[in-house]
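Asker: Whatever this is, show me its structure:
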Amino acid sequence: MDAGDFPLGRPGTLDASKGKTVLRRNALWAVRLEWPAGDHEFGCPRSDEAAALRELDRVRSYWARGPMRPRLSLVRISHHDFELHAKARRGCKAPDCP
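Answerer: Residues are numbered from 1 along each chain as shown. Okay, the predicted model is just below:
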């Protein structure tokens, strides 16, 4: 397998401009956590749906033990939006987010 097998570069390759490993995909599967106050966040990005469903089950079992229980769902989100929420949109309540 060479770099030509991946249209957007190898998944998980080093992004020299950021100095870290990132998933090079246009869209990811992520777990959306929606809190009672109406804000939401995204976590556990995965490139394939099956892995994301396993993460959703893992996250669901984690939150089932505590007093706070966010509403959980699996969403398709662009890599750009995922990074944007992680950096600049803490406490986002926008209704048009995935």
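Asker: Low-confidence ranges, the chain, go.
Answerer: Scanning the chain for pLDDT under 70 picks out 1-25.
Asker: Tell me which residues of stretch 71-80 come out buried.
Answerer: Leu72, Leu74, Val75, Ile77, His79 (16 or more other CB atoms under 10 Å). All C-beta atoms are positioned from the backbone trio N, CA, C, and that covers glycine.
Asker: which residues does the third one bridge with?
Answerer: According to DSSP bridges, the partner residues bridging Val75 are Ala30.
Asker: In this structure it contacts Glu34, no?
Answerer: No. Look at Val75 against Glu34 with CB atoms under 8 Å: they stay out of range, at 10.3 Å.
Asker: Using CSV, lay out the buried residues of stretch 71-80 together with distance to Asp57.
Answerer: Below are the buried residues of stretch 71-80 laid out as CSV (distance: CB to CB, whole Å):
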residue, distance to Asp57
Leu72, 10
Leu74, 10
Val75, 15
Ile77, 19
His79, 23
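Asker: just these now: which is nearest Ala64?
Answerer: For the buried residues of stretch 71-80, the minimum distance to Ala64 (CB to CB) is 9.9 Å, reached by Leu72.
Asker: List the residues that contact the closest one.
Answerer: By CB atoms under 8 Å, 6 or more residues apart in numbering, Leu72 lies in contact with Val31, Arg32, Leu33, Glu34, Leu56, Val59, Arg60, Trp63.
Asker: Run a quick neighbour tally on the nearest residue to Ser78 once chain neighbours are set aside.
Answerer: Spatial nearest neighbour of Ser78, chain neighbours left out: Ala27 (5.4 Å); criterion: CB to CB, 6 or more residues apart in numbering. Neighbour count of Ala27, defined by other CB atoms under 10 Å: 15.
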